[in-house]
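1. What follows is a predicted protein model with its sequence.
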Amino acid sequence: MKQDAKYLTYKIENEVADCFNATGIKKVLVAVSGGADSVALLRACCRIGRRLALRIEAVNCNFHLRGEESARDSKFTSDLCKSLGVKLYSLDYDVEDYVRMHPGISTEMACRELRYADFNRIMETEEFERIAVAHNADDDIETMMLNMLRGSGSRGLKGMDRDNGKVIRPLLGISRKEIEMYLESIDSKYIIDSSNLTSEYRRNFIRRDILPLLERQWRGARKSLYRTVGIVKEENQIIEDFYNKELTRLCPNKETLLVYAEGVNIGIIWRFIEPYGGNAEISNEIKECLDKEFKERTWQLTERYEAILERDRLIIFDKHAEISNLNFIWTKLAMTPETMAEVKKNRNHNIVFLPSGESK
């Protein structure tokens, strides 16, 4: 047993070290909730930090959704960071007020938007190279299954990225069971969030009800799902390379997609609108519109961005963009068949054709 504990400690800390070494980063902000996963990540970072010359600091979010438990978790995290000599950024939120101000948003999504906005702010002002979060292999499976039930393609089925340039997940190859065993081996306490003990949230339902049911029917189901996620991650890179080439062909600029060109499908549309807040569901709606008689339509992607279907193209409209002073150059054209053919072909939004009587 002691040998197993020693091996597990080596495995997890080496995995975290390899993850940081692969990126070459030295300044890391660790998100810590007080739960097993984030405590394990923070402790592993501290234990390898001196060897790798890492600057490790932490951030904790108190969403005040569980009354005294929320305060307890934040205090535990604060005490832990003090004992480890780690600087802590403590963030407090009024989630219920945020939800009221943003109708239609779920509590889970509100918490995500709030914390990542502040994570990005702290990273920028304090010059951190990554925000490290403690998602593990079980979280990766749950994400894959959630995305599958939402109707996602390969991009959703591959689960989470280990490193997307901002967020890094050093524990993504470690199971939840291994994390708990690691904490036991180094004699570290952690907090149990009571909301994880119910099946109220969809992720918890998959974690507490669906996966145990699958494991009762299929022995080793969890290991098979780990393996499946890993394979899809590898295959997805090939798919993404293909879509990137297609977007280069189909986009005259980054805000315009030629939707009636050959090869346009839901995957292309999704990847075009995703940087602006679009998702698979909206992509499917857009594709369905393309298969019907044309009708101009608008989809709200975020508070800032809209996707507008206009003739042969899908256009991203930025409502926050500043409108510069306009300079008009007027050219009078004769109404000939050749001129009308040019007018019909024109799709340049910097050019407007008007009858001469309305051009002044």
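-> Now that the structure is in, tell me what you want to look at. Numbers count the residues shown, from 1 in each chain.
2. How are the strands of the stretch 251-360 of the chain distributed by residue range?
-> Taking DSSP state E, counting those that start in this stretch as the test, the strands found in the stretch 251-360 of the chain are 256-258, 297-300, 305-310, 313-318.
3. okay if I get those as TSV plus distance to Arg207, mean pLDDT and mean neighbour count?
-> Bear in mind the C-beta positions are built from the backbone N, C-alpha and C, glycine included. Listed next are these as TSV, based on distance: least, Cβ to Cβ, whole Å; pLDDT from 0 to 100; neighbours: other Cβ atoms under 10 Å:
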stretch	distance to Arg207	mean pLDDT	mean neighbour count
strand 256-258	37	95	19
strand 297-300	32	92	14
strand 305-310	33	93	18
strand 313-318	36	93	18
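4. Output these as JSON lines; include the columns distance to Ser38.
-> Output for the strands of the stretch 251-360 of the chain, formatted as JSON lines (distance: least, Cβ to Cβ, whole Å):
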{"stretch": "strand 256-258", "distance to Ser38": "39"}
{"stretch": "strand 297-300", "distance to Ser38": "34"}
{"stretch": "strand 305-310", "distance to Ser38": "32"}
{"stretch": "strand 313-318", "distance to Ser38": "36"}
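5. Tell me which of the ones you listed approaches Arg66 most closely.
-> Nearest of those to Arg66, taken as Cβ to Cβ: strand 297-300 at 31.8 Å.
6. So what are the sheet partners of the closest one and their directions?
-> Applying DSSP bridges to the sheet, strand 297-300 is found paired with strand 305-310 (antiparallel).
7. contacting residues for the nearest residue in space to Ile269 that is not next to it in sequence?
-> Nearest non-adjacent residue to Ile269, counting by Cβ to Cβ, 6 or more residues apart in numbering: Ser283, 4.3 Å away. With contact set as Cβ atoms under 8 Å, 6 or more residues apart in numbering, Ser283 has these partners: 266-267, 269-270, 273.
8. Closest one to Phe205 out of those residues, please.
-> Trp270 (25.6 Å).
9. close enough to count as contact, the closest one and Tyr276?
-> No - look at Trp270 against Tyr276 with Cβ atoms under 8 Å: they stay out of range, at 11.3 Å.
10. So between the two, which is more surrounded?
-> More neighbours surround Trp270 than the other of Trp270 and Tyr276, with 23 against 17 (other Cβ atoms under 10 Å).
11. Name the nearest residue to that one, sequence neighbours excluded.
-> With sequence-adjacent residues excluded and distances taken as Cβ to Cβ, 6+ apart, Trp270 is closest to Ser283, at 3.9 Å.
12. How much space separates the one you found from Tyr276?
-> To Tyr276, Ser283 is 12 Å away according to Cβ to Cβ, to the nearest Å.
13. residues near the closest residue to Leu290 other than its chain neighbours, how many?
-> Spatial nearest neighbour of Leu290, chain neighbours left out: Val259 (5.6 Å); criterion: Cβ to Cβ, 6+ apart. For Val259, the tally of surrounding residues (other Cβ under 10 Å) stands at 21.
14. in the stretch 51-200 of the chain, which ranges drop under the pLDDT threshold?
-> Applying pLDDT under 70 to the stretch 51-200 of the chain flags residues 197, 200.
15. residues in contact with Thr23?
-> Each residue near Thr23 by Cβ under 8 Å, 6+ apart is listed here: 129-130, 163, 168.
16. Greatest separation within the residues you listed: which pair is it?
-> It's Glu129 and Asp163 that sit farthest apart of the contacts of Thr23, by Cβ to Cβ, at 10.6 Å.
17. Can you tell me the strand partners of the longest strand seen in the chain and which way each runs?
-> Using DSSP state E, we find that the single longest strand of the chain is strand 55-62. Strand pairing for strand 55-62, using DSSP bridges, gives strand 27-31 (parallel), strand 88-92 (parallel).
18. Output those strands as a markdown table; include the columns distance to Ile105.
-> Output for those, formatted as a markdown table (distance: least, Cβ to Cβ, whole Å):
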| stretch | distance to Ile105 |
| --- | --- |
| strand 27-31 | 21 |
| strand 88-92 | 19 |
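19. State the pLDDT value of the residue nearest to Trp270.
-> You'll see Ser283 listed with a pLDDT of 93.
20. And the longest helix along the chain, how far out from the chain middle?
-> Scanning the chain for the helix with the most residues, using DSSP state H, yields helix 221-250. With Cα atoms, centre = their mean, to the nearest Å as the basis, helix 221-250 stands 16 Å off its chain's centre.
21. got the buried residues for that helix?
-> Neighbour-count burial for helix 221-250 flags 221-222, 225-226, 229, 232-233, 236, 239, 243, 246, 250 (criterion: 16 or more other Cβ atoms under 10 Å).
22. The residue nearest to Leu290 and Asp312 touch, don't they?
-> Yes - counting by Cβ under 8 Å, Val259 touches Asp312, with 6.6 Å between them.
23. buried sites along stretch 70-87?
-> Of the residues in stretch 70-87, 70, 73-74, 76-78, 80-81, 84, 86 count as buried by neighbour count, 16+ other Cβ under 10 Å.
24. Redo those as CSV? Include distance to Val95.
-> Formatted as CSV, the buried residues of stretch 70-87 follow (distance: Cβ to Cβ, whole Å):
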residue, distance to Val95
Ser70, 10
Asp73, 15
Ser74, 14
Phe76, 20
Thr77, 18
Ser78, 20
Leu80, 23
Cys81, 23
Leu84, 28
Val86, 26
